[in-house]
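Visitor: no sequence on hand, only this structure:
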C-alpha cells in the first residue's frame, strides 16, 4: 500500500497546475513495485510501448522497442522507458491509486524508467502534468521557468529543446518527488543506477475536443441544422459581421447542448492513449458461475488502466467505459458509483451489485469482454 506523505489540499491550492514543487519523502519507506528485470521483460513485448534513450556527447539516440538485448549500450549513459506499466503489471496499480486525488479522467499512464549513471532524456517541455517519483537510486533534476525556447534542431514536432536556465535544481532520492505542470522545461541526469516513476495527467486540447465533436455528429448523423440569414451584405465577396456572429452562434448552440456534449465528453475522457491488457475469458461466464467463483474466494478486479467514469448531473445515469456508453436505470445511481469508484471490488460489494439484474448483466458483459476479471 502506498500512502502519500504530504497535505493534498495544500498541494492542490498552491501548486497543482500553477508551479513546480519538490516534495521530499513524498512516500516514506518507498519500495519499488517493479524490478529492473521485470521492467525489461515488459519491454520485450510487442504491444507495450518502450524505448531506450542513449546519451552521446550531449546528443540523444532513441531506439524504439521491443527491446531484448541491452549489451550494446554498456554500463552508463542510457535509460529504458516503458509506458503504461499500470496496464500490464498489476503490482504497480496501488501506486497509481495513491494519486486518485486527481480525477481518473485526467490520468494518462504510469511510465517507469530504468536508468544507468549519466542516462537522461535531455531538456524538454511536456504538455501535461507530471509527478516524477524517485525509486531506488538517485537523479539530479533541473527545472526552468515558462518561456520561449528553441526546439532542438528546429524540429517543432518534438518536445525537446536546446537548453534552459534552471530556476530549480534538486537531487531526488528514494521516496522523493518532483511535480511539474505543463510548459516548464526540465531534464534529469542519473547519478546512480535508478528506477523512476512518471505519473502523468493529461487534459484534452481544443483540437481533440472538436475532433470528437465532429466524429460524434457524423456517427449520429446529427448537427444537420444549416445557416439561415435575414439580411445579406451589399458586397458579394464579404462575410458580414452579422453572418460571422450567426455562424459562431450555431457552433455555440451545439457546445451548450447537454445532449450533445455529455456523451462526447464521457466517451473521449474514458479512453486511453495506450493499449489495455484486455483478456476475455476462454469461456463466457454466467451469473451463477460468477457467484460460485465469489464463494470460492475470487475477487472482481478492473483490468489495468481501464477508466470507468460518470458525469455529474447525467439525466441518463450512464457509465462511460473505454469510450463506450452503458446506460443504467435511474434508481441504480448508487450502484453505478460503486462500479466507477472501486478499482477492485470486495466479495460483499460484488454480491450486493449482483442483486440488481441490470447491474449483474453489465458485470457479466464486462467480464466476458475482459474489462473486469476474477482474481484469487
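Guide: Yes, it's here. Model, not experiment: these values are computed from the prediction.
Visitor: give me the below-cutoff pLDDT ranges for this structure.
Guide: Where the chain drops to pLDDT under 70, the residues are 58, 153-158.
Visitor: mind listing the helices for it?
Guide: 8-14, 36-43, 85-88, 93-97, 206-220, 241-255, 258-269, 287-295, 333-341, 347-354, 357-369 (DSSP state H).
Visitor: the first one - contacts with which helices or strands?
Guide: Under the contact criterion of 3 or more CB pairs under 8 Å, 6 or more residues apart in numbering; DSSP states H and E, the helices and strands touching helix 8-14 comprise strand 21-23. Where you see a C-beta, it was placed from the backbone N, CA and C, and this is true even at glycine.
Visitor: what does the strand it packs on rub up against?
Guide: 5-6, 11, 14-15, 168, 170, 172, 176-179 (CB atoms under 8 Å, 6 or more residues apart in numbering).
Visitor: save those as JSON lines, and put in neighbour count and distance to residue 291 too.
Guide: Formatted as JSON lines, the contacts of strand 21-23 follow (neighbours: other CB atoms under 10 Å; distance: CB to CB, whole Å):
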{"residue": "5", "neighbour count": "15", "distance to residue 291": "41"}
{"residue": "6", "neighbour count": "14", "distance to residue 291": "42"}
{"residue": "11", "neighbour count": "16", "distance to residue 291": "43"}
{"residue": "14", "neighbour count": "11", "distance to residue 291": "49"}
{"residue": "15", "neighbour count": "15", "distance to residue 291": "47"}
{"residue": "168", "neighbour count": "17", "distance to residue 291": "55"}
{"residue": "170", "neighbour count": "16", "distance to residue 291": "53"}
{"residue": "172", "neighbour count": "25", "distance to residue 291": "48"}
{"residue": "176", "neighbour count": "22", "distance to residue 291": "46"}
{"residue": "177", "neighbour count": "22", "distance to residue 291": "43"}
{"residue": "178", "neighbour count": "23", "distance to residue 291": "47"}
{"residue": "179", "neighbour count": "23", "distance to residue 291": "44"}
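Visitor: outside of stretch 91-105, which residues touch it?
Guide: 1-4, 8, 12, 16, 27, 33-34, 85-86, 107, 110, 112, 129, 131, 133, 197, 199, 201, 269-270, 304, 307-309, 343.
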